[in-house]
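1. Sharing a sequence plus its predicted fold:
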Amino acid sequence: MRELEMDAILESLKKVESRKVLPKSQRPSQQEAEEAVKTLLKWMGEDVAREGLLDTPKRVAKAYRELFSGYDENPHDSLGRTFEEVGGYDDMVLVKDIDFHSHCEHHLVPIIGKAHVAYLPDGRVLGLSKIARTVEIFARRLQTQENMTAQIAHTIDDALQPRGVAVMIEAEHMCMAMRGIKKQGSTTTTTCFTGAFHDGHNEQTNFLNLLRLGRK
Ligand SMILES: [Zn+2]
């Protein structure tokens, strides 16, 4: 691998690693979170004392707890153990159309999309459900699509040390659909390639062709 490329990879790894999760001891209490929701409701112009809204702060806090549960999970652990008994299989493993719901870090508005993840094994494979699990953990944090794509690729790269990882995410950003320029139905595509997918034209083309298969 050329030195420059190595530098680029290390740089992006550092960026992924530097996303610190606030320790639980430094987080506000449930009650403070509910108060914050109440403040927002009032700021919007709502009467927080009306019946329909009485339990809303509690419900929002509970929903956020679930929608953002990715902060309390370690994606490295979620990949679990890797398996060496692969019967000599060394071709591409592709898991496509992994549905996810995330939230953009700029507006806290949903990002809805699909992730496609492939890797080229180097003697070891992952449990297939673990890939979807990794996507989910990163989706359940505030995201930019670019960052999520890189995080998934580098986490799998790190844990499995395969010959390469390819990640493509296609998603619709509700912050674009619902506000501002109101571009409804437009999807954003991002990719991240490491190792052989990054260096090899054939590997990348194979991945893109496999994704196209079965599409209308
Ligand atoms: Zn946004």
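-> Cool, got the structure. Note that the coordinates shown come from a computational prediction; the quantities given were computed from them, not determined experimentally. Residues are numbered from 1 along each chain as shown.
2. Strands of this protein, start to end?
-> Ranges of strands within the chain are 82-83, 93-104, 110-120, 125-126, 142-143, 164-173, 188-193, based on DSSP state E.
3. and of those strands, who's closest to Gln204?
-> When those are compared by Cβ to Cβ, strand 188-193 sits nearest Gln204, at 6.1 Å. Bear in mind the C-beta positions are built from the backbone N, C-alpha and C, glycine included.
4. list the buried ones in that closest one?
-> Neighbour counts over strand 188-193 (16 or more other Cβ atoms under 10 Å) mark 190-193 as buried.
5. Neighbouring strands - and their directions - for that strand?
-> The strands beside strand 188-193 in its sheet (DSSP bridges) come out as strand 164-173 (antiparallel).
6. Next to the ion, which bits of the protein? Give me the list.
-> Contacts of the chain with the ion, taken as Cβ under 5 Å from the ion, map to 104, 106-107, 175.
7. If we use 8 Å, what do you get?
-> Counting by Cβ under 8 Å from the ion, the chain comes close to the ion at 104-109, 111, 173-176.
8. domain parsing for this structure?
-> Domain assignment for the chain by automatic domain parsing gives 24-67, 76-212.
9. Check those for me and report the most buried one.
-> Most buried of those by mean neighbour count (mean count of other Cβ atoms under 10 Å) is domain 76-212; its value is a mean of 17.
10. Could you dump the strands of the chain into TSV and include mean pLDDT?
-> Shown next, in TSV, are those (pLDDT from 0 to 100):
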stretch	mean pLDDT
strand 82-83	80
strand 93-104	97
strand 110-120	97
strand 125-126	90
strand 142-143	97
strand 164-173	97
strand 188-193	96
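11. could you redo those as JSON lines and give each row distance to Glu73?
-> Compiled in JSON lines, the strands of the chain are given as follows (distance: least, Cβ to Cβ, whole Å):
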{"stretch": "strand 82-83", "distance to Glu73": "19"}
{"stretch": "strand 93-104", "distance to Glu73": "14"}
{"stretch": "strand 110-120", "distance to Glu73": "17"}
{"stretch": "strand 125-126", "distance to Glu73": "17"}
{"stretch": "strand 142-143", "distance to Glu73": "15"}
{"stretch": "strand 164-173", "distance to Glu73": "19"}
{"stretch": "strand 188-193", "distance to Glu73": "21"}
